[in-house]
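In: Build me a model from this:
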Amino acid sequence: MFKRVMVAVVGIPALIAILGCAPAGASVVLVMALCGVGAWELMNAVTKKSGEKLLRMTVLIAAVVPAVLYEEKAGGAKGGLLGGQALADVLAKLPLTAVLALAFVLLVFLSAILDYTEKDRLTFRDVTAALFAGLCFPLMLSCLLLLRLEEYGQLLVFAPLGVSFGSDTFALFAGLLCGKHKLTPVSPKKTVEGAVGGLLGGVIGLALVKGAARWLLGLTFLTWPQVVVLGLLGSVAGQIGDLSFSVIKREFDIKDYGNLLPGHGGVLDRFDSVTFVAPFIWLALYAV
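Out: Prediction:
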């Protein structure tokens, strides 16, 4: 528990500084690193030796996806990271993310075709793990960058983090203090009481983001009813994300995806719920 708390004490301010205070390029680099490490963790957990042929390519694509997505979305409006009107005009016409995704899918299946033998071949498990780790996971987590691009994005980017971390924290303590009824065999330590506490934590986490926005910029970007609804639904999305990555861990008999963050595990252990909450919040903000 001490290591877990200390990592949070150091890590959360660093996360706030990079996502909210540093230039946008720093946020892109951070998300690229998270996606690359997360892809490496997932491939090692799921494919073992059979998927080694896809490991480097998958990690590379996972790290590149956030930068390409950001450049594609920011290129026309803000000049992106590379700048230049000519480049902006090209980006406005060319869906770079779709091109990258198609190229990666073709390369993965081409690898499976070329490496196919009766004794040594890439399995469908290896292929699907690579596609999820290289595309789905980084696209979902990169919604943090899409939020960063919005007006007042330096505050909006913390909405999914507030919901996710608030939900995780309240679920943990509610489970420890009141937990009696098991939630699911997927995660034996999780309880119904913890899940309910997580719902409350999601609302409180988003309320803190709203309060910070009001205090720092005098900005009211959500009404209180919207905070409650998005906090509750965001917590549900986050808990589904947490349990989804737990399903993978149970199937492949691992405790943690990594040990990069002492007391928390790896990137996927810490950002599993954020991976699901970020796209939900990004889409929900358009709706409201």
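
In: show me what contacts residue 210?
Out: Residues counted as contacts of residue 210 (Cβ atoms under 8 Å, 6 or more residues apart in numbering) are 220, 221, 222, 227. Yep, even glycine has a C-beta here, placed from its N, CA and C like the rest.

In: can you check residue 278 too?
Out: Counting by Cβ under 8 Å, 6+ apart, residue 278 has contacts 140, 141, 143, 144, 147, 160.

In: ok, now residue 132?
Out: By Cβ under 8 Å, 6+ apart, the neighbours of residue 132 are residue 42.

In: and the one helix or strand residue 145 maps to, what does it pack onto?
Out: Here residue 145, judged by DSSP states H and E, is contained in helix 143-149. Under the contact criterion of 3 or more Cβ pairs under 8 Å, 6 or more residues apart in numbering; DSSP states H and E, helix 143-149 touches helix 24-46, helix 52-78, helix 153-156, helix 158-178, helix 267-287.

In: which one of these lies closest to residue 117?
Out: helix 52-78 (12.2 Å; Cβ to Cβ).

In: tilt between the closest one and helix 24-46?
Out: Angle, helix 52-78 to helix 24-46, by axes from the mean of the first three to the mean of the last three Cα atoms, to 10 degrees: 160 degrees.

In: Export the helices and strands packed on helix 143-149 to a markdown table and append columns for mean pLDDT and distance to residue 191.
Out: Shown next, in a markdown table, are the helices and strands packed on helix 143-149 (pLDDT from 0 to 100; distance: least, Cβ to Cβ, whole Å):
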| stretch | mean pLDDT | distance to residue 191 |
| --- | --- | --- |
| helix 24-46 | 94 | 25 |
| helix 52-78 | 88 | 33 |
| helix 153-156 | 87 | 32 |
| helix 158-178 | 93 | 5 |
| helix 267-287 | 93 | 17 |
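
In: Could you provide the ones you listed in JSON lines, with additional columns for distance to residue 132?
Out: JSON lines is the format used below for these (distance: least, Cβ to Cβ, whole Å):
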{"stretch": "helix 24-46", "distance to residue 132": "7"}
{"stretch": "helix 52-78", "distance to residue 132": "9"}
{"stretch": "helix 153-156", "distance to residue 132": "27"}
{"stretch": "helix 158-178", "distance to residue 132": "20"}
{"stretch": "helix 267-287", "distance to residue 132": "11"}
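
In: Show me the one of those helices that comes nearest residue 131.
Out: Nearest to residue 131, of the helices and strands packed on helix 143-149 and by Cβ to Cβ, is helix 52-78 at 8.5 Å.
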